[in-house]
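1. Everything below, folded, please.
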Amino acid sequence: NWTSVFGGPAWNQLPDGDWYLHLFAPEQPDLNWANPEVAADLEHTLRFWLDRGVDGFRIDVAHGMAKPETLRDMDNSVPEGAGILHDNATDPRFDNDGVHEIHRMIRKVMDGYPNTVTVGEIWVKGDERFARYLRPDELHLGFNFRLVAADFDADAVRTAIEATLRAAPTGTPTWTLSNHDVIRHVTRYGDGTPGVERARAMALVELALPGAVFLYNGEELGLPTIQLPDWALQDPIWERSGHTDRGRDGSRVPVPWEGTEPPYGFSPGSDSWLPMPLEWASLTVEAQLEDEDSTLSLYRHAVELRKSHAIRSSLRTTFHRDGCTTVNLGSS
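-> Numbers count the residues shown, from 1 in each chain. From the prediction side, this is the model:
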């Protein structure tokens with residue numbers, strides 16, 4: 001009775017009568033990691049790219065590769081279409097113990113190529129469960145989304161930071177505020193001027209933390225999530241939910257580069273794969289590059305400070321009643 005994260009059943013039947021599993025779109029069949037040929041083929045693919053000098057791999061849904069042998073039913077507490085963010089320890093689709101053997105196999109390959117890295121997208125709740133993916137013989141890094149889930153609130157941010165540090169006791173903590181699956185943090189924090197100001201403050205918090213920071217394209221420009229018209233939506237969630245879930249396209253609108261009209265230099269044509277709003281003319285890279293007060297300039301300056309100052313564990317952050325935030329970025 002498994003359902004797809006994008007809605008509808010997770011099983012499709014082929015013309016010959018066989019069925020296959022897809023936790024996401026039907027065009028994305030899940031591989032059967034119980035078959036040794038799958039592991040051998042992945043090792044061949046990893047080495048193909050590593051021999052050509054790539055620096056590493058991002059592993060999508062790194063907690064969803066292994067499945068329980070019995071393929072037991074989902075219980076009724078897991079709603080239909082429940083996604084990778086759904087917190088349910090009984091969900092058989094994700095975080096099965098067998099997944100760690102797959103990551104150990106990948107790590108053995110990576111260890112033969114110095115200075116390469118694996119980064120896993122891991123949506124598991126519970127610091128101990130997350131930390132298991134970062135053991136010395138598994139992933140080098142794991143995307144930790146605690147700051148994504150935290151409200152713009154002093155206690156919530158502190159809790160997220162402390163949890164992230166606990167989840168990487170022997171590895172490198174990671175930080176991110178947005179990605180292609182969630183509402184951009186300018187919009188999450190209130191949209192408009194308040195959202196931008198809070199997003200700028202949280203960028204300084206994030207870039208002052210120890211570990212690895214991941215920036216989602218467009219956040220350095222202060223881009224919000226866009227409400228796109230129905231005709232423009234392309235996320236499979238939109239179709240598979242029967243047009244009840246608008247999906248993630250609003251956070252995937254292309255980056256505006258230059259000019260005063262869409263597509264702002266993103267493509268040579270007159271439009272882009274997702275439409276870009278007219279009001280983004282002031283948010284282009286060109287418009288912000290030489291403006292010392294722009295969000296792009298703030299990010300560039302903060303990244304330079306991060307490179308030139310040792311990041312210590314002490315970080316003083318003050319949240320004011322008016323919603324503003326001050327951060328001490330000193331080297332101590």
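
2. what about the strands in this protein?
-> In the chain, the segments counted as strands under DSSP state E are 11-13, 19-21, 56-59, 117-121, 141-143, 174-175, 212-213, 317-319, 325-327.

3. now for the fifth one, which elements pack on it?
-> It stands for strand 141-143. strand 117-121, strand 174-175 (3 or more Cβ pairs under 8 Å, 6 or more residues apart in numbering; DSSP states H and E). For glycine as for every other residue, the C-beta is placed from the backbone atoms N, C-alpha and C.

4. chain center to that strand, what's the gap?
-> In terms of Cα atoms, centre = their mean, to the nearest Å, the centre of strand 141-143 is set 10 Å apart from its chain centre.

5. Which parts of stretch 290-305 count as buried, going by neighbours?
-> Buried residues in stretch 290-305, counting neighbours by 16 or more other Cβ atoms under 10 Å, are found at 294-296, 298-299, 302, 305.

6. before we move on, the earlier item: hey, which of the helices and strands packed on strand 141-143 is tucked in deepest?
-> Highest mean neighbour count among the helices and strands packed on strand 141-143 (mean count of other Cβ atoms under 10 Å): strand 174-175, with a mean of 24.

7. So for that one, mean pLDDT?
-> In this model, strand 174-175 has a mean pLDDT of 96.

8. List the pairing partners of it within its sheet, with orientation.
-> Counting by DSSP bridges, the strands paired with strand 174-175 are strand 212-213 (parallel).

9. so what's the backbone phi/psi at residue 260?
-> Taking degrees, to the nearest 10, you get phi -120, psi 0 for the backbone angles of residue 260.

10. For it, which residues are in contact?
-> Counting by Cβ atoms under 8 Å, 6 or more residues apart in numbering, residue 260 touches residue 281.

11. State the distance from it to residue 290.
-> 16 Å (Cβ to Cβ, to the nearest Å).

12. go on, residue 137?
-> Per Cβ to Cβ, residue 137 is found 48 Å from residue 290.

13. just residue 144 next, same as before
-> Per Cβ to Cβ, residue 144 is found 35 Å from residue 290.

14. cool, residue 31 as well?
-> Noted for residue 31: a distance of 49 Å to residue 290, by Cβ to Cβ.

15. Can you check the pLDDT for residue 79?
-> 64.

16. what do you get for residue 277?
-> pLDDT at residue 277 comes out at 95.

17. who are the neighbours in contact with the closest residue to residue 272 other than its chain neighbours?
-> Excluding the flanking residues, the one nearest residue 272 by Cβ to Cβ, 6 or more residues apart in numbering is residue 263, at 4.1 Å. The contact partners of residue 263, by Cβ under 8 Å, 6+ apart, come to 254, 256, 269-272, 276.

18. Which one of those sits in the busiest neighbourhood?
-> The most crowded member of these, judged by other Cβ atoms under 10 Å, is residue 256 (27 neighbours).

19. Hmm, that one is touching residue 280, no?
-> Yes - using Cβ atoms under 8 Å, residue 256 makes contact with residue 280 at a distance of 4.7 Å.

20. Can you name the residues bridging to the spatially closest residue to residue 58 that is not a sequence neighbour?
-> Using Cβ to Cβ, 6+ apart and skipping residues adjacent in sequence, the residue nearest residue 58 is residue 119, 4.9 Å away. Residue 119 forms beta bridges with residue 58, residue 141, as assigned by DSSP bridges.

21. pretty sure residue 119 is touching residue 59, no?
-> Yes - the pair residue 119 and residue 59 passes the contact test of Cβ under 8 Å, sitting 6.9 Å apart.

22. overlap in contacts of these two?
-> Here residue 119 and residue 59 share the contacting residues residue 139, scored by Cβ under 8 Å, 6+ apart.

23. List the contacts of residue 149.
-> Per Cβ under 8 Å, 6+ apart, neighbours of residue 149: residue 160.

24. How about residue 72?
-> Applying Cβ under 8 Å, 6+ apart, we find residue 72 in contact with residue 92.

25. Tell me the spacing between it and residue 30.
-> 16 Å.

26. what's the answer for residue 251, then?
-> Using Cβ to Cβ, residue 251 is found at 25 Å from residue 30.

27. More neighbours: which of these two?
-> residue 251 (23 against 16).

28. Confirm for me that residue 129 is in contact with residue 95.
-> Yes - counting by Cβ under 8 Å, residue 129 touches residue 95, with 6.4 Å between them.

29. More neighbours: which of the two?
-> Taking other Cβ under 10 Å, residue 129 and residue 95 do not tie; residue 95 has more neighbours (23 against 14).

30. Distance check, that one against residue 173.
-> To residue 173, residue 95 is 20 Å away according to Cβ to Cβ.

31. Kindly report the same for residue 2.
-> 33 Å.

32. All good on my end, thank you.
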